[in-house]
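**Q** after the sequence you'll find the predicted model.
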Amino acid sequence: MFSSQSGAFRLFRFAGIDVNLHWTWFIAAWYFIGRGAGEYGSIAWNVAEYVSLFLIVLLHEFGHAFAARQVGGDSREIVLWPFGGIAFAKVPPRPGAELWAIVAGPLVNVVLYPVLYWTILLAVNLGWVDGNRDLQRFLGEVFRINVGLLIFNILPIYPLDGGQTLRALLWFKLGRALSLKVATIIGLVAIPAGALWLLSRDQLTLFTGMIAVFLGMECFRGFKQSGAIERVARLPRHTAFACPTCRERPPGGPYWACAKCGNGFDPFSTQAVCPHCTQPMEKIPCAFCASTHPVQGWSVTPPRRPGDPPVIEV
Ligand SMILES: [Zn+2]
Ligand SMILES: [Zn+2]
Ligand SMILES: [Zn+2]
């Protein structure tokens with residue numbers, strides 16, 4: 001999907017996480033700030049409001065990123081784009097780990113709720129907003145933005161956080177592939193229904209329409225992914241190897257492509273050497289969690305010695 005390679009540039013780096021801004025952010029900023037012009041005494045307030053929106057989104061994404069690390073995953077990049085942010089995280093494929101990495105995002109908005117509320121109370125009590133209608137309006141808008149983002153994100157529609165939470169909960173009962181299938185089918189029904197509902201209320205704008213299209217595309221991608229997970233899960237497995245990250249046993253077959261000659265081979269039956277061109281595969285990617293490890297890291301039985309009888313272990 002999106003990455004820093006496609007039209008985003010680095011804003012800053014914090015705790016080993018690159019925060020990148022997608023160029024379309026400026027178009028959206030220009031559109032929103034222009035549209036809201038006149039609401040405040042000065043356009044600077046509109047800019048401040050839009051920047052606040054993205055600070056809240058950023059905190060939300062850091063919530064995801066830090067939670068992903070907490071459960072043994074990794075996160076190195078956050079991309080801010082007009083419809084929000086994306087924290088690129090690798091989470092160990094366990095339902096509990098996924099659940100925490102997802103819930104932590106909206107939880108940031110939950111924590112911000114009283115923080116922003118008390119800020120407003122303080123501003124009122126200290127008399128800062130007396131006669132300052134702009135500040136009064138700004139504080140109210142920031143409060144509403146946070147609530148709006150929270151409500152939107154917890155809608156149980158995949159790939160929104162609410163939909164992914166639903167998926168993680170279903171995972172405990174239905175397994176990895178079927179839970180994703182069920183959650184994405186709900187999304188594929190709910191997204192067009194939501195778009196029609198907006199249309200009936202005359203609120204289907206270019207902006208909401210683009211969000212619906214994006215969500216629909218991501219949902220469909222998730223649906224296809226559930227089929228791929230199912231197919232991989234049905235393949236025969238190597239019994240002598242397991243992924244050090246997710247503990248899944250790798251499928252047996254020529255499913256890994258050689259980086260040099262491009263031919264498919266099974267690194268677990270060739271000591272990670274391509275049988276076509278003898279190029280070694282330094283690190284073997286896991287078919288289930290995408291983490292990569294050298295072949296020795298995958299062994300769950302003592303390494304074989306020369307002269308041992310051949311074992312076919314698929
Ligand atoms: Zn989120
Ligand atoms: Zn794995
Ligand atoms: Zn090769």
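**A** Received it, and whenever you're ready, just let me know what you need. Ligands and ions are numbered 1, 2, ... in the order given.

**Q** which residues of the chain fall in strands?
**A** Applying DSSP state E to the chain gives strands spanning 8-14, 17-22, 74-81, 84-90, 256-257, 264-265, 284-285, 292-293.

**Q** possible to save those as a markdown table with distance to Gly140, mean neighbour count and mean pLDDT?
**A** All C-beta spots, glycine's among them, are computed from the backbone N, C-alpha and C. Shown next, in a markdown table, are those (distance: least, Cβ to Cβ, whole Å; neighbours: other Cβ atoms under 10 Å; pLDDT from 0 to 100):
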| stretch | distance to Gly140 | mean neighbour count | mean pLDDT |
| --- | --- | --- | --- |
| strand 8-14 | 27 | 13 | 87 |
| strand 17-22 | 27 | 21 | 88 |
| strand 74-81 | 24 | 20 | 84 |
| strand 84-90 | 21 | 21 | 76 |
| strand 256-257 | 55 | 18 | 93 |
| strand 264-265 | 59 | 17 | 94 |
| strand 284-285 | 49 | 19 | 92 |
| strand 292-293 | 49 | 15 | 90 |
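
**Q** got those strands as TSV, with distance to ligand 1 columns?
**A** Converted to TSV, these look like this (distance: least, Cβ to the ion, whole Å):
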stretch	distance to ligand 1
strand 8-14	18
strand 17-22	15
strand 74-81	11
strand 84-90	7
strand 256-257	33
strand 264-265	36
strand 284-285	26
strand 292-293	26
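
**Q** show me what from this structure comes close to ligand 1.
**A** With Cβ under 5 Å from the ion as the criterion, the chain meets ligand 1 at residues Gly105, Asp161.

**Q** show me what contacts Cys289?
**A** Lys90, Pro92, Pro93, Cys243, Thr245, Cys246, Glu248 (Cβ atoms under 8 Å, 6 or more residues apart in numbering).

**Q** including distance to Cys274, could the strands of the chain go into a markdown table?
**A** Formatted as a markdown table, the strands of the chain follow (distance: least, Cβ to Cβ, whole Å):
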| stretch | distance to Cys274 |
| --- | --- |
| strand 8-14 | 35 |
| strand 17-22 | 33 |
| strand 74-81 | 28 |
| strand 84-90 | 26 |
| strand 256-257 | 9 |
| strand 264-265 | 6 |
| strand 284-285 | 12 |
| strand 292-293 | 16 |
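
**Q** re earlier: same for ligand 2: which of the contacts of Cys289 are within range?
**A** Contacts with ligand 2 within the contacts of Cys289, counted by Cβ under 5 Å from the ion: Cys243, Thr245, Cys246.

**Q** doesn't Cys286 make contact with the last one?
**A** Pointing back at Cys246 there. Yes - the criterion here is Cβ atoms under 8 Å, and Cys246 meets it with Cys286 at 6.3 Å.

**Q** alpha carbons of stretch 155-168, as PDB, please.
**A** Taking Å, rounded to 0.1, in the frame of the first residue of the first chain, the C-alpha atoms of stretch 155-168 are listed here in PDB:
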ATOM      1  CA  LEU A 155     -16.700   2.000  13.800                       C
ATOM      2  CA  PRO A 156     -16.600  -1.800  13.400                       C
ATOM      3  CA  ILE A 157     -15.700  -1.600   9.700                       C
ATOM      4  CA  TYR A 158     -12.500  -3.200   8.500                       C
ATOM      5  CA  PRO A 159      -9.800  -1.700   8.000                       C
ATOM      6  CA  LEU A 160     -10.800   1.000  10.600                       C
ATOM      7  CA  ASP A 161      -9.500   0.300  14.100                       C
ATOM      8  CA  GLY A 162     -13.000  -0.900  15.200                       C
ATOM      9  CA  GLY A 163     -13.100  -3.400  12.400                       C
ATOM     10  CA  GLN A 164      -9.600  -4.600  13.100                       C
ATOM     11  CA  THR A 165     -10.500  -5.000  16.800                       C
ATOM     12  CA  LEU A 166     -13.600  -7.000  15.800                       C
ATOM     13  CA  ARG A 167     -11.300  -9.200  13.600                       C
ATOM     14  CA  ALA A 168      -8.800  -9.700  16.500                       C
END
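
**Q** for it, the distance to its chain's centre please.
**A** On the basis of Cα atoms, centre = their mean, to the nearest Å, stretch 155-168 sits 11 Å off its chain's mean C-alpha point.
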